[in-house]
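Asker: Kindly generate the corresponding structure for this input.
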Amino acid sequence: MNEVERAIQNYKDEGYAKFSSCIVPKKNDIYLRVPTAKKIAKNYSNTKMGEQFLSRLPHNGTDENNVHGLMLGYLKNADECIEKLEQFIPLIDNWATCDITCANLKIVKKYPKKFENLVKKWIKSEKPFTKRFAIVILLDYFLNDYFDIEHLSLVNFYCEEYYVQMAQSWYFATALAKKYDETVKLFENKVICNKFVHNKSIQKAVESFRVTEPHKQYLLTLKL
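Answerer: Residues are numbered from 1 along each chain as shown. Model (predicted):
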């Protein structure tokens, strides 16, 4: 057993597994709280043991996948990070691993163009969590300085997978908070490809403290 795998075993929390199984459907093997998984990932990142762990794909369980995804966020070389992401992303099978990995990829801010090009490829994948990964990267890193109106079109596609639809809804709701003038036109023109995404995006925007009250009232009139 690799030293990283032993650390993961040592920090397992049975009580947390019961809780996490309620919020991550079909997953009853998440024993590590995110701060603990992040601590392990940071401790072993850019070490020989960490490199060995990253090479041991596929992993044994969701905790190992979560630590792996977090560890990628601490890699200092963009090309190495991208290479290892390409190996790892197709193995993601739940929203938690997807979103945890995305949230820790601060390297995206240093190389936005490289990752924008990857997003355009990932979003076309047949794998639902690869699609979700692409959307969450746009949500986390491309709704501020690196926003391009083309991103709205990238995310606006029809998909029957629930966790893709929810990622789309979060993206559009956040876009309504941060890029209202550009985003609201999609809802005014009723061009969102999925009725569920259209309505869920408005619901989440209305629930957000970042959207002004007048905008909330107007968005409610646009529900289908």
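Asker: Residue 38: how many residues sit nearby?
Answerer: By other C-beta atoms under 10 Å, the residues close to residue 38 number 20. Bear in mind the C-beta positions are built from the backbone N, C-alpha and C, glycine included.
Asker: in what helix or strand does it lie?
Answerer: If you go by DSSP states H and E, residue 38 is part of helix 34-44.
Asker: Packing partners of that helix?
Answerer: Counting contacts by 3 or more C-beta pairs under 8 Å, 6 or more residues apart in numbering; DSSP states H and E, helix 34-44 is packed against helix 3-10, helix 62-72.
Asker: Setting aside sequence neighbours, what's the nearest residue to the residue most central in space within the chain?
Answerer: With distances taken as C-alpha atoms, centre = their mean, residue 99 lies nearest the centre of the chain, 3.2 Å away. Once flanking residues are discounted, residue 99 sits nearest to residue 136: 5.7 Å by C-beta to C-beta, 6 or more residues apart in numbering.
Asker: now do residue 109
Answerer: The spatial neighbour of residue 109 that comes closest, neighbours along the chain excluded (C-beta to C-beta, 6+ apart), is residue 141 at 6.2 Å.
Asker: Regarding the protein, what is its longest helix?
Answerer: The longest helix of the chain (DSSP state H) is helix 162-178.
Asker: May I have the worst-scoring helix or strand of the chain on mean pLDDT exported as PDB, CA atoms only?
Answerer: When each helix and strand of the chain is scored by mean pLDDT, DSSP states H and E, helix 14-23 comes last, with a mean of 89. C-alpha atoms of helix 14-23 as PDB (Å, rounded to 0.1, in the frame of the first residue of the first chain):
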ATOM      1  CA  GLU A  14     -17.400   6.300   9.600                       C
ATOM      2  CA  GLY A  15     -19.900   9.000  10.700                       C
ATOM      3  CA  TYR A  16     -19.000  11.200   7.700                       C
ATOM      4  CA  ALA A  17     -19.600   8.300   5.300                       C
ATOM      5  CA  LYS A  18     -23.200   8.100   6.500                       C
ATOM      6  CA  PHE A  19     -23.700  11.800   5.900                       C
ATOM      7  CA  SER A  20     -21.900  11.900   2.500                       C
ATOM      8  CA  SER A  21     -23.900   9.000   1.200                       C
ATOM      9  CA  CYS A  22     -27.000  11.100   1.500                       C
ATOM     10  CA  ILE A  23     -25.700  13.900  -0.600                       C
END
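Asker: following the helix or strand where the residue nearest to the centre of the chain lies, which helix or strand shows up next?
Answerer: Using DSSP H and E, residue 99 sits within helix 95-103. Sequence order places helix 112-122 as the next helix or strand after helix 95-103, per DSSP H and E.
Asker: helices or strands up against whichever helix or strand comes after that next one?
Answerer: Using DSSP H and E, the next helix or strand after helix 112-122 towards the C-terminus is helix 128-141. Here helix 128-141 touches helix 95-103, helix 112-122, helix 150-155, helix 162-178, going by 3+ C-beta pairs under 8 Å, 6+ apart.
Asker: any idea how far helix 128-141 is from the chain center?
Answerer: Relative to its chain's centre, helix 128-141 lies at 5 Å (C-alpha atoms, centre = their mean, to the nearest Å).
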